[in-house]
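Colleague: Sequence and predicted structure below; questions after.
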Amino acid sequence: MMCAGASAQWLNYPSSGIPHLPDGKPNMSAAAPKTSAGKPDLTGIWEAQDQTYFFDLAAGLKPEDVVMTPWAKAIQKQREERDHVDDPLALCLPHGVPRVNTNGLFPFKIIQTPAVIVILYEQLGLFRQIFMDGRKLGADPNPSWLGYSTGRWDGDTLVVDTSGFNDKTWLDTTKSRPASEELHVQERFRRTNFGNMEVRAMIDDPKAFTKPWTTTTQKMHLLLDTEILEFSCNENEKDIQHRVTK
Amino acid sequence: MKRTFGLCAFLFAAAAQAQWLNYPTPDIPRTADGKLNLSAPAPKTADGKPDLSGVWLTRGGYTVNIAKDLKPGEVAFQPWAEELYKHRLGNEGKEDPQAYCVLSGVPREDVVPYPFKILNSKGEIVIIYEALHSYRQIFMDGRALPKDPNPQWMGYSIGQWEGDTLVVQSSGFVENNWLDNSGHMGTEALRLTERFHRRDWGHIDLQLTIDDPKAYKKPWIVNLQLIASDTELIEYVCDENEKDLKHLVGK
């Protein structure tokens, strides 16, 4: 509502390079564009279809697919008992990966260059770098909220491997599943056509889950004729005082 | 206060377990001993324009006072602004928005002691900043600056080439922008011009023109220098393990 009510500047600026239907409307089913190197070009403003995976990253999976270790179960129980007041996101701390992609209320913009792909997220004003230059993930990095990411192409799918997380991130919101420093995430981004992208994320964290598991297909759609807005979490903050546990 | 915080955070970064901080940047000219050849020619993009992409760090000294090289009188405050500036000088940064993890804003991002990375994308240049984990978009597609935008700490930016110089014009700033630690202010009337000239591989001359008639009686100019850095940005999370605010007491 705030966004819609704000004095619009570039929120209504027409996007360029859009394929059109005979009636002049954007053709969201046209073929996905390619870079000059012949790879899919993911550049654009995207948004998750809804908040399904933001609330429950394991949506659509069977209980036996996602089995937590006793360590993880205890942490999840504590978070639920405390009514989720410790969610880092509510304290202006980064979402973690892959949660950062999943909140359908806020768009993100992919900036694709040959050596690095950068994702600019509207929520919290975060960014991630995905290095495409062939470097390897480090063995013992300084733990971080968004991890360290390398990417490669598997056919038309961008495969992003991320590790080097701290043990404070939440994988999702309602379920408040924990992750440890052992977390390795593999995201697969596939732009199926001009207007749509599918994302699946594999979660491999032997401290938190008894076996790796992969999300069902998350749908993302391209947003046209708009822009991402500035998000300053700490500005005029009035929420934290209302965060009370049971 | 901010000085202390900034320095501590910077030292911590240097001591942290390196992940890619020492990874050699690909495709850069090096001298025989493997160091960056800072005086090699500036690279060009496919369309023949100077390529500004890379990791940059501002030559130090302007974090506290962005106008430190200017003569008295060159920063000609309006009376209310002079009063506010004196108040801020006497208040040791207590009201500095950056201390409360609000965005650093532009052009302060040009003088903070943290690296940033410039990227070329379709129709725009993007800058990602280590400081406060933030970013900014500079649109190169010919659009005009918005007339009455929702104010932003980072403003709204458009760029164009004048010969080999990227000229970035920005407006649409918040009313309470700080340009440096000492509290030089920017208001919603600020029109900022940044001129980026990559004179060789290792250096960008960056000239700022601060034109804010609400706060200053005339525009003023700051000349900065950016140095190419063979390193990476690290994650900066202002709200994590925050221990500073209780010490921010002013006078």
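Modeller: Looks like it came in fine. Every value quoted in this text rests on a predicted model; they were computed, and no experiment measured them. Numbers count the residues shown, from 1 in each chain, chains lettered A, B, ... in the order given.
Colleague: The spatially most central residue of chain A and chain B, how far apart?
Modeller: Here the mean C-alpha position of chain A is nearest to the C-alpha of residue A:101 (CA atoms, centre = their mean), at a distance of 1.5 Å. Counting by CB to the nearest CB, to the nearest Å, the separation of residue A:101 from chain B is 17 Å. For glycine as for every other residue, the C-beta is placed from the backbone atoms N, C-alpha and C.
Colleague: Cross-check the contact I'm expecting between that residue and residue A:108.
Modeller: Yes. At 7.1 Å, residue A:101 and residue A:108 qualify as touching, with contact defined as CB atoms under 8 Å.
Colleague: so what sits against both of those two?
Modeller: Common neighbours of residue A:101 and residue A:108 are not found (criterion: CB atoms under 8 Å, 6 or more residues apart in numbering or on different chains).
Colleague: wouldn't residue B:51 be in contact with residue B:43 here?
Modeller: Yes. Taking contact to mean CB under 8 Å, the distance of 4.4 Å between residue B:51 and residue B:43 places them in contact.
Colleague: in chain B, what spans have low per-residue confidence?
Modeller: Residues of chain B that meet the criterion pLDDT under 70 lie in B:1-19.
Colleague: centroid residue for it?
Modeller: The central residue of chain B, meaning the one whose C-alpha is nearest the mean C-alpha position (CA atoms, centre = their mean), is residue B:110 at 1.7 Å.
Colleague: Does it touch residue B:194 like I think?
Modeller: Yes. With the criterion set as CB under 8 Å, residue B:110 and residue B:194 qualify as a contacting pair; they are 7.2 Å apart.
Colleague: Give the intersection of the neighbour lists for those two.
Modeller: Jointly contacting residue B:110 and residue B:194 under the rule CB under 8 Å, 6+ apart are B:206, B:208.
Colleague: number of nearby residues for residue B:27?
Modeller: A count of neighbours around residue B:27, defined by other CB atoms under 10 Å in any protein chain shown, yields 9.
Colleague: which one is it nearest to, not counting chain neighbours?
Modeller: Distances taken as CB to CB, 6 or more residues apart in numbering or on different chains place residue A:115 nearest to residue B:27, at 7.8 Å, with adjacent residues excluded.
Colleague: likewise residue A:237?
Modeller: Setting aside the residues directly before and after it, residue A:237 is nearest to residue A:92 in space (CB to CB, 6+ apart), at 7.5 Å.
Colleague: cool, and residue A:107?
Modeller: By the measure of CB to CB, 6+ apart, the closest residue to residue A:107 outside its immediate chain neighbours is residue A:47, 4.3 Å from it.
Colleague: Specify the local secondary structure of the one you found.
Modeller: Classification of residue A:47 into helix, strand or coil gives strand, according to DSSP: H, G, I helix; E, B strand; the rest coil.
Colleague: is it in a bridge, and if so with what?
Modeller: residue A:221 (DSSP bridges).
Colleague: number of nearby residues for it?
Modeller: Residue A:47 is surrounded by 19 other residues when neighbours are defined as other CB under 10 Å.
Colleague: now do the one 3 residues further on
Modeller: By the other CB under 10 Å criterion, the neighbourhood of residue A:50 contains 14 residues.
Colleague: hang on, it packs against residue A:104?
Modeller: Yes. Between residue A:50 and residue A:104 there is a contact at 4.5 Å, judged by CB under 8 Å.
Colleague: residue boundaries of the strands in chain A?
Modeller: A:44-48, A:108-112, A:116-121, A:127-131, A:148-154, A:157-163, A:184-193, A:196-204, A:213-214, A:218-223 (DSSP state E).
Colleague: Make sure residue B:57 is indeed in a strand.
Modeller: Yes. Per three-state DSSP, residue B:57 lies within a strand segment.
Colleague: Please render the strands of chain A as a markdown table that adds mean pLDDT to the earlier fields.
Modeller: Formatted as a markdown table, the strands of chain A follow (pLDDT from 0 to 100):
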| stretch | mean pLDDT |
| --- | --- |
| strand A:44-48 | 97 |
| strand A:108-112 | 98 |
| strand A:116-121 | 98 |
| strand A:127-131 | 97 |
| strand A:148-154 | 97 |
| strand A:157-163 | 98 |
| strand A:184-193 | 98 |
| strand A:196-204 | 98 |
| strand A:213-214 | 98 |
| strand A:218-223 | 98 |
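Colleague: how about these, which one is nearest residue A:67?
Modeller: Distances from residue A:67 to each of the strands of chain A were compared using CB to CB; the shortest belongs to strand A:213-214, at 8.2 Å.
Colleague: Hmm, the residue nearest to residue A:107 is touching residue A:106, no?
Modeller: Yes. If you go by CB under 8 Å, residue A:47 and residue A:106 touch, sitting 7.3 Å apart.
Colleague: Beta-bridge partners for the residue lying closest to residue B:115 once chain neighbours are set aside, please?
Modeller: For residue B:115, ignoring the flanking residues on the chain, the nearest one in space by CB to CB, 6+ apart is residue B:57 at 4.7 Å. Applying DSSP bridges to residue B:57 yields these beta-bridge partners: residue B:227.
Colleague: Residue B:57 and residue B:230 touch, don't they?
Modeller: No. At 10.6 Å, residue B:57 and residue B:230 do not qualify as touching, with contact defined as CB under 8 Å.
Colleague: give me phi/psi at the residue nearest to the centre of chain B?
Modeller: Per-residue torsions, residue B:110: phi -80, psi -10 (degrees, to the nearest 10).
Colleague: For it, which residues are in contact?
Modeller: When contacts are counted by CB under 8 Å, 6+ apart, residue B:110 is found next to B:58, B:194, B:206, B:208, B:224.
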